[in-house]
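> Return atomic coordinates for the entry below.
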Amino acid sequence: MRADPVGGGPVPAVSGRELVAAVPGLQLVGQITVEEFTNIPSERMRPENWLRLARRINELLTEGAADGIVILHGTDTMEETAFFLDITVPTDVPVVFTGSMRAASDLRPDGPANILDAATVAAHSDARGRGVLIVMHGEIHSARRVTKIDTSDVDAFDSVLPPDLGTVRSGQAEFSETWSPHVHVPLPESLPRVDIVLMYAGVDDFALRAAVQRGAAGLVIAGVGAGNVNEDLFGAILDALHAGLPVVISSRVPYGGSRPIYAYAGGGVALQRAGAIFAFDLNPQKARVLLMAALGAGYDLPQLQQLFDFAPPT
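Here you go, the predicted model:
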């Protein structure tokens, strides 16, 4: 992004080559090849972009064209794209996402340091076999466990479970003993519609039923607490389950994950007994990514249950 005086704020205006050229010392990491995949705000990322990106990375890996891959991405939806690649592009070759919280035209841009750190991690032998990573503000995170926690601070990302995978300090990457679980879904040809329905005080069943009517192939519920809903949503969820739609229960709470605890109508135990699947450590947006990919790959309900149950209890 670069500040646009006419528009009154930053807009996409800087190419990948320009960004790389602005990073002192990057050539010391290794030979860098730049490919311009797209240049859009991350809010405009769509499932078809994920598919195209996954296919392109698979091509590069098949050709043996890279020892590591760094993907520059807007921070708002970075975790969703990274997690999609984490589950559909299984490889030991490091795939590392990074971005910036400040525009390239800012007096103190954080992008150059993040790019250097990401390339340093992608070139590190200990990064192999850890799945897709996100490197921001000198911290190394797994795509599964990281989320954006601040709207403007340069230290905007955090691993909710477990701790960070490592750090980058003074040009040196250091990895902890922490690992994150990984699941693999065959890369689909297309991705079906999956909607997220938010639980909040006083919500009714309108949004959920509208999503079903619009053609949703599955639903993710951003429940309160460990994954609870009120009686209106509970009734609509039961109808969706009876109609054969998979319903995954996540939580709108950043830490702790979703799990069945309460047995009242709308509580987690009642939802699980009705056939809902729990996302455990996955936040709603990542639960949606996994459900979309699995449905696109043809998974049935028992296979979906097994896929989400892979995560250890939180």
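> hey, where'd the strands end up in the stretch 151-300 of the chain?
157-159, 166-169, 172-175, 194-198, 218-223, 247-251, 277-278 (DSSP state E, counting those that start in this stretch).
> ok, now the stretch 1-150 of the chain?
So, for the stretch 1-150 of the chain - with DSSP E, counting those that start in this stretch - the strands run 2-4, 9-11, 69-72, 95-98, 132-136, 139-142, 146-148.
> all helices of the stretch 201-314 of the chain, in order?
206-213, 231-242, 268-274, 284-296, 301-309 (DSSP state H, counting those that start in this stretch).
> mean confidence for the second one?
The pLDDT scores in helix 231-242 average 98.
> Please apply the same query to the first one.
Helix 206-213 shows a mean pLDDT of 98 in the predicted model.
> Show me which positions of stretch 154-166 end up buried.
Within stretch 154-166, the residues that qualify as buried are 154, 156-161, 164-166, counting by 16 or more other C-beta atoms under 10 Å. The way it works is simple: take the backbone N, C-alpha and C, and place the C-beta from them, glycine included.
> Flag the least confident of these.
For these, the least confident entry is residue 161, with 81.
> which residues touch that residue?
145, 255, 257, 281, 314 (C-beta atoms under 8 Å, 6 or more residues apart in numbering).
> from what I can see the third one touches residue 226, true?
Yep, that's residue 257 we're talking about. Yes: counting by C-beta atoms under 8 Å, residue 257 does reach residue 226; the two are 7.4 Å apart.
> Common neighbours of those two, please.
Common neighbours of residue 257 and residue 226 (C-beta under 8 Å, 6+ apart) are residue 251.
> Contact partners for residue 202?
Taking C-beta under 8 Å, 6+ apart, one finds residue 230 in contact with residue 202.
> Which of the strands of the stretch 151-300 of the chain sits closest to residue 286?
Of all the strands of the stretch 151-300 of the chain, strand 247-251 sits nearest to residue 286, with 8.2 Å by C-beta to C-beta.
> returning to that earlier point: would you reformat the contacts of residue 161 as CSV and include neighbour count, distance to residue 265 and pLDDT?
Output for these, formatted as CSV (neighbours: other C-beta atoms under 10 Å; distance: C-beta to C-beta, whole Å; pLDDT from 0 to 100):
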residue, neighbour count, distance to residue 265, pLDDT
145, 24, 32, 95
255, 11, 26, 92
257, 21, 22, 93
281, 25, 26, 94
314, 14, 24, 41
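> which of the residues you listed lies closest to residue 298?
When the contacts of residue 161 are compared for distance to residue 298 (C-beta to C-beta), residue 281 wins out at 24.6 Å.
> if I look at the closest one, how far off is residue 256?
Distance, residue 281 to residue 256, by C-beta to C-beta, to the nearest Å: 9 Å.
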